[in-house]
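>>> coordinates for the following, if possible.
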Amino acid sequence: MRNRVAVLNVMIDVITMKEAVRKVEQFIDLQKPHLVVTPNAEMIMMANEDKYLSQIINNADLVVPDGAGVVWAAHYNGDVMPERVAGYDLVQNLLAAAAMQKYRIYMLGGAPGIVDKARLAAEERYPGVQIVGTHHGFFTKSDESEIVSSIKVCRPDILLVALGVPRQEKWLSEYSGQLEVPVAIGVGGTFDVMAGIVRRAPLWMQNAKLEWLYRLISEPKRAIRMLALPRFVMRVIASKKKMVC
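Okay, the predicted model is just below:
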């Protein structure tokens, strides 16, 4: 039985980073398609407006709490949520495990050239990791059958898809049956960070739950998107008050 809690109607697994990595390894052992989703507050707000995205997340095989806001919301509602399992960090842990266990990785998404820089970074940081294929995310619908065929030929154990939310989740939902990949994960801007195009917040800001502030300062154009955070907090508070009443 999965241990999950609801955050604004989105079901989140109660899980640690170590447990999440182990769960992915179990999925690989089963050799059947599994979807891993990494929702933060912004994605949860999006899912509350997008029924299809909500269905995809709630039907996924593993949903980790990517974002301090998600952990806060669970705690605010009186639920247990041991720690944040950031999507970027999950990918790094999986790449490290892949280097040891010889899992095969395919990287799809990002701007042209970015995914290849991310691949080089992974190969340098995790000696022995097998990146069996890459493709940028600037493709059209007419390109998709060729991309799916390429992924199938490469036979990855883990497919990392960086197309942005909700495109990556919807793309994986559409093609998961054809891809025949044991584990598929939507990874957002992970390739940009790995490639050195975008920097993560300093560790002290991550620990202080201020990574959102660092991203806002370093990427002012995200200001409109960041409005989802206060809306998320207010909706969580309002939701709890409604339950109490």
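>>> CA only for contacts and neighbour counts going forward, please
Will do.
>>> pLDDT weak spots in the chain?
Within the chain, the stretches falling below the threshold (pLDDT under 70) are 201, 205, 208-227, 241-245.
>>> now do the helices in it.
The residue ranges that make up the helices of the chain, judged by DSSP state H, are 17-30, 41-47, 51-59, 68-76, 87-101, 114-125, 144-154, 167-179, 190-194, 203-207, 211-218, 223-226, 228-244.
>>> gap between the longest one and the chain center?
So the one you mean is helix 228-244. 23 Å (CA atoms, centre = their mean, to the nearest Å).
>>> just put the helices of the chain in CSV and tack on mean neighbour count and distance to Val161.
Putting the helices of the chain into CSV (neighbours: other CA atoms under 10 Å; distance: least, CA to CA, whole Å) gives the following:
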stretch, mean neighbour count, distance to Val161
helix 17-30, 16, 15
helix 41-47, 21, 16
helix 51-59, 17, 15
helix 68-76, 20, 22
helix 87-101, 18, 11
helix 114-125, 18, 10
helix 144-154, 15, 11
helix 167-179, 17, 6
helix 190-194, 21, 9
helix 203-207, 12, 24
helix 211-218, 16, 21
helix 223-226, 12, 21
helix 228-244, 14, 23
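>>> I'd like these as CSV, with distance to Asn3 appended.
As requested, the helices of the chain are exported to CSV (distance: least, CA to CA, whole Å):
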stretch, distance to Asn3
helix 17-30, 12
helix 41-47, 19
helix 51-59, 13
helix 68-76, 13
helix 87-101, 19
helix 114-125, 32
helix 144-154, 32
helix 167-179, 22
helix 190-194, 27
helix 203-207, 25
helix 211-218, 27
helix 223-226, 29
helix 228-244, 20
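>>> out of those helices, which is closest to Ala6?
Of all the helices of the chain, the one in closest proximity to Ala6, counting by CA to CA, is helix 68-76 (7.6 Å).
>>> helices and strands around the closest one, which ones?
In this structure, helix 68-76 makes packing contacts with strand 4-7, helix 228-244, judged by 3 or more CA pairs under 8 Å, 6 or more residues apart in numbering; DSSP states H and E.
>>> and the angle from that helix to helix 228-244?
Angle between the axes of helix 68-76 and helix 228-244 is 10 degrees (criterion: axes from the mean of the first three to the mean of the last three CA atoms, to 10 degrees).
>>> who touches helix 68-76?
When contacts are defined by CA atoms under 8 Å, 6 or more residues apart in numbering, helix 68-76 is touched by residues 5-7, 40-41, 65, 80-84, 209, 229, 233, 236.
>>> any idea which of those residues has the most stuff around it?
The most crowded member of the contacts of helix 68-76 is Pro65, carrying 29 neighbours; neighbours defined as other CA atoms under 10 Å.
>>> verify the stated contact: Tyr103 with Cys154.
No - under the contact definition of CA atoms under 8 Å, Tyr103 does not touch Cys154, with a separation of 12.0 Å.
>>> one step back: closest to Leu160 out of the helices of the chain?
helix 87-101 (8.2 Å).
>>> how far is the closest one from where the chain is centred?
So, by CA atoms, centre = their mean, the centroid of helix 87-101 is 13 Å from its chain's centroid.
>>> who are the packing partners of it?
Packed next to helix 87-101, using 3+ CA pairs under 8 Å, 6+ apart, are helix 17-30, helix 190-194.
>>> what's the closest of those helices to Thr140?
Set against Thr140 and scored by CA to CA, the helices and strands packed on helix 87-101 come closest in helix 190-194, at 19.9 Å.
>>> can I get that closest one in CSV, CA atoms only?
Provided in CSV are the C-alpha atoms of helix 190-194 (Å, rounded to 0.1, in the frame of the first residue of the first chain):
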residue,chain,number,x,y,z
THR,A,190,17.2,20.1,-14.8
PHE,A,191,19.2,20.0,-18.0
ASP,A,192,19.7,23.8,-17.8
VAL,A,193,21.2,23.5,-14.4
MET,A,194,23.4,20.5,-15.3
